[in-house]
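Undergrad: This is a predicted model, with the sequence first.
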Amino acid sequence: MTQALTLEKTPLSPSRLSRQSTNTKKVNEKAAAIRKSFQRPKFYMTGFGWCLAACAGAANVIAFKTWGLYASHVTGSTSNIAFSLEGYHQGEFTNQTLKEASSLVFSFLVGAYACGLLIDKNQVHFNGKAFYGLALILESALLITAAFIPGRLVPACFVATACGLQNAMCTSHFGAIVRTTHVTGTMTDIGSTMGRISMIYLRKACRCRPLNAIEQAEIGVDARKLAVLGGLWTFYLIGGLIGIYVENIIPGPRALLLPAFVTGSAGLFYMACRQLLKDYIKKMEKDRFAADLKEAQDALTHMNLGSC
């Protein structure tokens, strides 16, 4: 018995300590790389995306209540094109449905194309030469035009163009493909992210041991993604509710003036205060870099102390 206790207290050999230190270092490096794979969005970027999602939700429901057409549902419009072509094969061709669906898809494409002309990168950044203010004002002008021109398909196409323009502004900023004018992809990402988190905890329960550094990093990254994506879905829903109530108060396409006012005001504010925004953002990034550097230095110090 005494011999067993003595063996348990025997210190690890230097080679074994070295291997453990190396393994711990590799695990920590991998965990750090996972955390860096998704940088937490700055608060103004998150708020900007949520605001645009609310505007799109409002514009979409107003378009449907007014003209019976969804302006941002390119998937649904594409399916309607397929239905129309199938009707032609069956001798039940409906030219009106094909015309409406094709026009909405093309209008959305035109809006995204216009965004590509105005914004030089597919990531939201305020320090370059991208014309975000002009893009937002153009979106507002499209919505205002749709609110006042007569007809059904033409004004709906103007709304679809505005949605395409807005949707292209925020592609792939948050570490995943983020769309602000529809939430199918958002719900897909929410579901898959929740599934990954659940699987990590299931593995933990089966192994009956705490989470390692890599698993903790993966959960942290996915939790931050959920916060952003959940906010997008929630604000799209809130925008839709607001749009419905506004349309009840102001019947017809005039209700589109609400999202037009929001996007236009944002565009004017950006154009008027661009330099102030750039200086403020640079200061925030500098402070954030200093904080990240200090965190990295503290982590290295902790690792060195642990290996001693």
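TA: Looks like it arrived, so ask away. Numbering: from 1, shown residues only.

Undergrad: And T145, how close does it get to A112?
TA: 18 Å (Cβ to Cβ, to the nearest Å). From N, CA and C alone the C-beta is placed, and that goes for glycine too.

Undergrad: Low-confidence stretches in the stretch 101-250 of the chain?
TA: Across the stretch 101-250 of the chain, the ranges flagged by pLDDT under 70 are 120-130, 171-177.

Undergrad: can you do 50?
TA: Residues of the stretch 101-250 of the chain meeting the criterion pLDDT under 50: 172-175.

Undergrad: so where do the helices sit in it?
TA: For the stretch 101-250 of the chain, the helices defined by DSSP state H, counting those that start in this stretch occupy 132-148, 153-167, 184-207, 213-249.

Undergrad: Could I get those in JSON lines, plus columns for distance to S107?
TA: Output for the helices of the stretch 101-250 of the chain, formatted as JSON lines (distance: least, Cβ to Cβ, whole Å):
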{"stretch": "helix 132-148", "distance to S107": "10"}
{"stretch": "helix 153-167", "distance to S107": "4"}
{"stretch": "helix 184-207", "distance to S107": "19"}
{"stretch": "helix 213-249", "distance to S107": "19"}
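
Undergrad: would you turn those helices into a markdown table with mean neighbour count?
TA: Output for these, formatted as a markdown table (neighbours: other Cβ atoms under 10 Å):
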| stretch | mean neighbour count |
| --- | --- |
| helix 132-148 | 22 |
| helix 153-167 | 26 |
| helix 184-207 | 13 |
| helix 213-249 | 18 |
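
Undergrad: mind checking which of those is nearest A58?
TA: Closest to A58 of these is helix 213-249 (Cβ to Cβ; 3.2 Å).

Undergrad: Out of the helices of the stretch 101-250 of the chain, which gets nearest to W67?
TA: Closest of the helices of the stretch 101-250 of the chain to W67 is helix 153-167, at 4.9 Å (criterion: Cβ to Cβ).

Undergrad: mind listing what L104 touches?
TA: L104 is in contact with L69, Y70, A71, V74, S77, A156, C157, A160, counting by Cβ atoms under 8 Å, 6 or more residues apart in numbering.

Undergrad: Just to check, the first one is in contact with I62?
TA: To tie it back to what came earlier, the one meant is L69. No: using Cβ atoms under 8 Å, L69 is not in contact with I62, being 10.9 Å away.

Undergrad: higher neighbour count, the two?
TA: Neighbour count, other Cβ atoms under 10 Å: between L69 and I62, I62 has more, with 30 against 23.

Undergrad: who touches that one in this structure?
TA: I62 neighbours (Cβ under 8 Å, 6+ apart): G243, V246, E247, P253, A255, L256, P259.

Undergrad: about what we covered before: now distance to R207 too, for the contacts of L104, in CSV please.
TA: Formatted as CSV, the contacts of L104 follow (distance: Cβ to Cβ, whole Å):
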residue, distance to R207
L69, 53
Y70, 47
A71, 50
V74, 44
S77, 48
A156, 55
C157, 56
A160, 51
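
Undergrad: which among those residues gets closest to A291?
TA: For these, the nearest to A291 is V74 (40.9 Å; Cβ to Cβ).

Undergrad: Number of residues surrounding that closest one?
TA: For V74, using other Cβ under 10 Å, the count is 22.

Undergrad: Chain neighbours aside, what residue packs nearest to it?
TA: F108 (5.3 Å; Cβ to Cβ, 6 or more residues apart in numbering).

Undergrad: quick one: the one you found from T180, how far?
TA: From F108 to T180 the distance is 13 Å (Cβ to Cβ).

Undergrad: shared neighbours, those two?
TA: Joint contacts of F108 and T180 (Cβ under 8 Å, 6+ apart) are N167.

Undergrad: Give me the buried positions along the host helix or strand of S77.
TA: Here S77 sits within helix 74-89, counting by DSSP states H and E. Of all the residues in helix 74-89, those buried under the rule 16 or more other Cβ atoms under 10 Å are V74, S77, N80, I81, S84.

Undergrad: ok so, going back, now for the helices of the stretch 101-250 of the chain, which one comes closest to L276?
TA: Closest to L276 of the helices of the stretch 101-250 of the chain, according to Cβ to Cβ: helix 132-148, at 13.1 Å.

Undergrad: then that closest one to PDB, C-alphas only?
TA: Extracted in PDB, the C-alpha atoms of helix 132-148 (Å, rounded to 0.1, in the frame of the first residue of the first chain):
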ATOM      1  CA  TYR A 132     -23.100  53.300 -48.900                       C
ATOM      2  CA  GLY A 133     -24.900  56.600 -48.500                       C
ATOM      3  CA  LEU A 134     -25.800  56.800 -52.100                       C
ATOM      4  CA  ALA A 135     -26.900  53.100 -52.100                       C
ATOM      5  CA  LEU A 136     -29.300  53.800 -49.200                       C
ATOM      6  CA  ILE A 137     -30.600  56.900 -50.800                       C
ATOM      7  CA  LEU A 138     -31.200  55.100 -54.000                       C
ATOM      8  CA  GLU A 139     -33.100  52.400 -52.100                       C
ATOM      9  CA  SER A 140     -35.200  55.000 -50.500                       C
ATOM     10  CA  ALA A 141     -35.900  56.600 -53.900                       C
ATOM     11  CA  LEU A 142     -37.000  53.300 -55.300                       C
ATOM     12  CA  LEU A 143     -39.400  52.700 -52.400                       C
ATOM     13  CA  ILE A 144     -40.800  56.300 -52.800                       C
ATOM     14  CA  THR A 145     -41.300  55.700 -56.500                       C
ATOM     15  CA  ALA A 146     -43.200  52.500 -55.800                       C
ATOM     16  CA  ALA A 147     -45.400  54.300 -53.300                       C
ATOM     17  CA  PHE A 148     -46.700  56.800 -55.800                       C
END
